[in-house]
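Sharing a model that was predicted from the sequence below.
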Amino acid sequence: MNSSLRDARKNVEGFSSAAGDAAKTTVEGARDAADAVARIPNARTISGHEKCQLAPNGAPDCVSAATTICKAKGFASGKSVDMTTSEVCPAKVYLSGRSSGPECKTETFVSRALCQ
């Protein structure tokens, strides 16, 4: 009986310690969330049309395009919220009756950015 009570006591103490650790983590997470929410009033969504440059791997890199849109409106930085992709072809492709071809390329534009 004594050993059962000792085991139960150890389990309760372990649970208490784990609950305390979880509470500390939750408080720190709440502080981080509160800091993020405090920065939101300074953020605005701005519409624009800025071409994304190609990264070395061939994918569109829209970070600088979003920042350009935001800086044009007086903000320090920005992140893309909405992008538009289009296929751009030379006029000769359309004049020949085709709608695409190997000479066409895909371009990506940032159309909205979250600016801070």
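Structure's in. What do you need? Numbering: from 1, shown residues only.

For the rest of this, base every contact and every neighbour count on C-alpha atoms.
Noted.

Which SSE is immediately downstream of the worst-scoring helix or strand of the chain on mean pLDDT?
The element with the least model confidence among the helices and strands of the chain, by mean pLDDT, DSSP states H and E, is helix 2-39, at a mean of 55. Under the assignment DSSP states H and E, the closest C-terminal helix or strand after helix 2-39 is strand 44-51.

what's the nearest residue to residue 90 if we skip its chain neighbours?
In space, and not counting its chain neighbours, residue 90 is closest to residue 104: 6.9 Å by Cα to Cα, 6 or more residues apart in numbering.

Relative to residue 100, how far out is residue 46?
With distances defined as Cα to Cα, to the nearest Å, the gap from residue 46 to residue 100 amounts to 32 Å.

More neighbours: which of those two?
A count of neighbours by other Cα atoms under 10 Å puts residue 46 above the other of residue 46 and residue 100, at 17 against 14.
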